[in-house]
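Asker: pasting the sequence and the predicted coordinates here, then a few questions.
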Amino acid sequence: DAGVTQSPTHLIKTRGQHVTLRCSPISGHKSVSWYQQVLGQGPQFIFQYYEKEERGRGNFPDRFSARQFPNYSSELNVNALLLGDSALYLCASSLPTGTVDYEQYFGPGTRLTVT
Amino acid sequence: GENVEQHPSTLSVQEGDSAVIKCTYSDSASNYFPWYKQELGKRPQLIIDIRSNVGEKKDQRIAVTLNKTAKHFSLHITETQPEDSAVYFCAATTTGSSNTGKLIFGQGTTLQVKP
């Protein structure tokens, strides 16, 4: 899991604002997934991107969006923040091998607090 | 929908004893089952995984077993040490080019190893 980086580490926002979270995958990895982890629960899948294309989307509202850049880094955007968006946002990096996509390695996360 | 149930939610053992955490998944198409260890304030760390074509896998003091018929998989930790204390998450996913590879996580088990 070494090598997945996320920024910022912590963020405090006010309801209604928007936020952009950033992730750089492990060198050579082409797939990035985003997860939301509310305190005391397991991570919940938000998005997966591979080669700049969205491959999957979890059960999150349209206020959540993401994109992947040519260097495979990724951004997660959340608009019109709600108190319930307060969570640890995790980025996971993986290296699709042939047609198999497995072994996801997590970054340290961004702790978002919405007040 | 897809679901992973994990038990127990908390587990306390004496140092040197064994610990077992059990998970049940609902999607029969699931074929990859990773386990993550998350220490307080840190990222989930992949500790072991198993694929559906294997019934058991071992790595030093940890092992994972899979029963595809019953849709159960378990984590076994032997000779537990205080540094094994953490939250453990099981997860399940379906890998392959037509799948997102999104991980469905269990609710987590807080393991406490008493010295």
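Answerer: Sure, I can see it.
Asker: near chain A, which residues of chain B are found?
Answerer: B:6, B:32, B:34, B:36, B:42-46, B:49, B:51, B:89, B:91, B:93, B:95-97, B:99-108 (C-beta under 8 Å from any C-beta of the partner chain). The C-beta positions use only the backbone N, C-alpha and C, and glycine is treated the same way.
Asker: switch to 6 Å and redo it
Answerer: Proximity of chain B to chain A (C-beta under 6 Å from any C-beta of the partner chain) is limited to residues B:32, B:43-45, B:89, B:95-97, B:100-102, B:105-108.
Asker: now do the end-to-end distance for stretch B:94-102.
Answerer: End-to-end distance of stretch B:94-102 (C-alpha to C-alpha, to the nearest Å): 8 Å.
Asker: in the helix or strand bottoming out on mean pLDDT in chain A, what's buried?
Answerer: Every helix and strand in chain A was compared by mean pLDDT, DSSP states H and E; the lowest is strand A:53-57, with a mean of 89. Buried residues in strand A:53-57, defined by neighbour count with 16 or more other C-beta atoms under 10 Å in any protein chain shown: A:55, A:57.
Asker: so, in contact with chain B or not, it?
Answerer: Yes - residues of strand A:53-57 are located near chain B by C-beta under 6 Å from any C-beta, namely A:55-56.
Asker: list the helices and strands that strand packs on?
Answerer: strand A:44-50 (3 or more C-beta pairs under 6 Å, 6 or more residues apart in numbering or on different chains; DSSP states H and E).
Asker: sheet-wise, list the partners of the strand it packs on with their directions.
Answerer: Neighbouring strands of strand A:44-50 in its sheet, by DSSP bridges, are strand A:31-37 (antiparallel), strand A:53-57 (antiparallel).
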